[in-house]
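> need a 3D model of the following:
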Amino acid sequence: MNDVFVSKAASANKIRILAEWVRTEFSVHENRAFDVIRFIELDLPKIFSGLHTYIEADEKMGPVRAFISTEPLGLVVSESIYEGASNGCMFSAEIILHEVGHLFLHHKYAALGLNSASGHYEERVKDAGLAHSAEWQATMFALCFLYPFSTLKKIQMASEVSKLYKINQKQANRVLKHVSRLKIRLSSTDTATDKIWLRTITGSLPRKNKQNSTSKLRSQLLLFFGNVRTAQNFRRPPAASYGEDIFRHSA
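Here you go, the predicted structure:
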């Protein structure tokens with residue numbers, strides 16, 4: 001998969017406070033089981049007007065697990081990932097929240113310019129740091145959302161993480177490393193700058209300007225996500241109509 005680099009970086013701590021804001025906005029409590037299906041089907045459309053969730057058969061999706069479509073605006077998820085998320089699988093929830101991260105983080109930057117990590121842009125972006133990577137940012141959002149720093153900052157053992165979130169040891173080790181990185185970043189972060197960044201992101205969300213919000217968001221997504229996809233069936237468009245997309249989340 002080719003990565004894409006947005007025009008401005010977003011540090012791990014910035015993404016952490018964005019994820020915390022989203023959790024608070026939709027009353028996602030740390031001590032309760034998170035229902036990702038309810039979140040994408042009932043909560044997200046309150047901000048991203050017209051957003052629908054589409055479930056597609058695995059054989060039609062191929063190696064792709066999930067991606068954002070633009071026409072119509074939708075979150076397209078493979079059947080196995082949707083079912084996994086419905087049954088509380090944290091891996092499936094992370095795949096879905098990765099795409100949600102693209103919506104929150106990148107709808108605004110679409111209008112500011114992107115550099116693909118392929119073709120004639122390769123030399124220009126090859127030394128850019130992870131903070132500029134759209135894919136890294138989306139993954140960081142998913143991890144910060146699913147595994148809140150405030151809950152895990154005092155935990156020392158992967159076994160505790162595994163028990164708390166019912167995930168395997170390998171995934172628990174990954175989450176613990178993620179939390180450790182956030183601890184390091186906190187010591188050097190600029191709180192005032194981070195808060196300004198958060199206000200900028202949340203202030204640019206489509207619901208802040210309800211008039212023409214759907215058409216404006218779709219035009220921005222078109223710039224960011226590439227080819228337009230014309231769905232023949234609004235509720236379940238065929239996979240063949242989606243076209244190529246640089247943000248498809250595949251195995």
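> make it CA atoms for all contacts and neighbour counts henceforth
Noted.
> and the helices in the stretch 101-250 of the chain?
Here the stretch 101-250 of the chain has its helices, by DSSP state H, counting those that start in this stretch, at 122-125, 134-146, 149-152, 158-165, 169-186, 191-203, 213-225.
> and what about residue 76, helix, strand or coil?
Secondary structure assignment for residue 76 (DSSP: H, G, I helix; E, B strand; the rest coil): strand.
> shouldn't it be in contact with residue 51?
No - with the criterion set as CA atoms under 8 Å, residue 76 and residue 51 do not qualify as a contacting pair; they are 10.5 Å apart.
> what's around residue 104, how many residues?
Using other CA atoms under 10 Å, residue 104 has 22 other residues around it.
> run through the stretch 151-251 of the chain and note the low-pLDDT ranges.
Low-confidence regions of the stretch 151-251 of the chain, defined here as pLDDT under 70, cover residues 207-251.
> pick the most buried one from the helices of the stretch 101-250 of the chain.
With neighbours taken as mean count of other CA atoms under 10 Å, those reach their highest mean count in helix 134-146, at a mean of 23.
> just checking, residue 82 touches residue 91?
No - counting by CA under 8 Å, residue 82 stays clear of residue 91, with 10.8 Å between them.
> for the closest residue in space to residue 144 that isn't next to it in sequence, what are its contacts?
Closest residue to residue 144 in three dimensions, ignoring its sequence neighbours and counting by CA to CA, 6 or more residues apart in numbering: residue 16, at 5.4 Å. Under the criterion of CA atoms under 8 Å, 6 or more residues apart in numbering, the neighbours of residue 16 are 140-141, 144-145, 149.
> which secondary structure element contains residue 16?
Of the helices and strands defined by DSSP states H and E, residue 16 is found in helix 12-25.
> what does the helix or strand that comes right after that helix rub up against?
If you walk from helix 12-25 toward the C-terminus, the next helix or strand you reach (DSSP H and E) is helix 36-38. Contact partners of helix 36-38, identified using CA under 8 Å, 6+ apart, comprise 82, 85-86, 93.
> can you point out the buried residues in helix 36-38?
Residues of helix 36-38 classed as buried by neighbour count (16 or more other CA atoms under 10 Å): 36-37.
> equivalent analysis for stretch 37-46, please.
Residues 37, 40, 44-45 are the ones in stretch 37-46 that count as buried (16+ other CA under 10 Å).
> from the residues you listed, pick the one nearest residue 27.
Residue 27 lies nearest to residue 44 out of these, by CA to CA, at 12.6 Å.
> surely that closest one and residue 50 touch.
No - under the criterion of CA under 8 Å, residue 44 is not in contact with residue 50, lying 9.6 Å apart.
> residue 82 and residue 91: who's more crowded?
For the pair residue 82 and residue 91, the greater number of neighbours falls to residue 82 (24 against 14), based on other CA under 10 Å.
> distance of residue 157 from residue 143?
Going from residue 157 to residue 143 by CA to CA, to the nearest Å gives 17 Å.
> what number of residues lie near residue 98?
Counted with other CA under 10 Å, the neighbours of residue 98 add up to 25.
> that one is in contact with residue 144, isn't it?
No - using CA under 8 Å as the test, residue 98 is too far from residue 144 to be in contact (10.5 Å).
> doesn't residue 53 lie inside a strand?
Yes - under three-state DSSP, residue 53 falls within a strand.
> residue contacts, it?
Under the criterion of CA under 8 Å, 6+ apart, the contact list for residue 53 reads 40-41, 74-77.
> between these, which is closest to residue 180?
Comparing the contacts of residue 53 against residue 180 with CA to CA picks out residue 40 as the nearest, at 28.6 Å.
> excluding its backbone neighbours, what's nearest that closest one?
Of all residues beyond its chain neighbours, the one nearest residue 40 is residue 53 (7.2 Å), with distances taken as CA to CA, 6+ apart.
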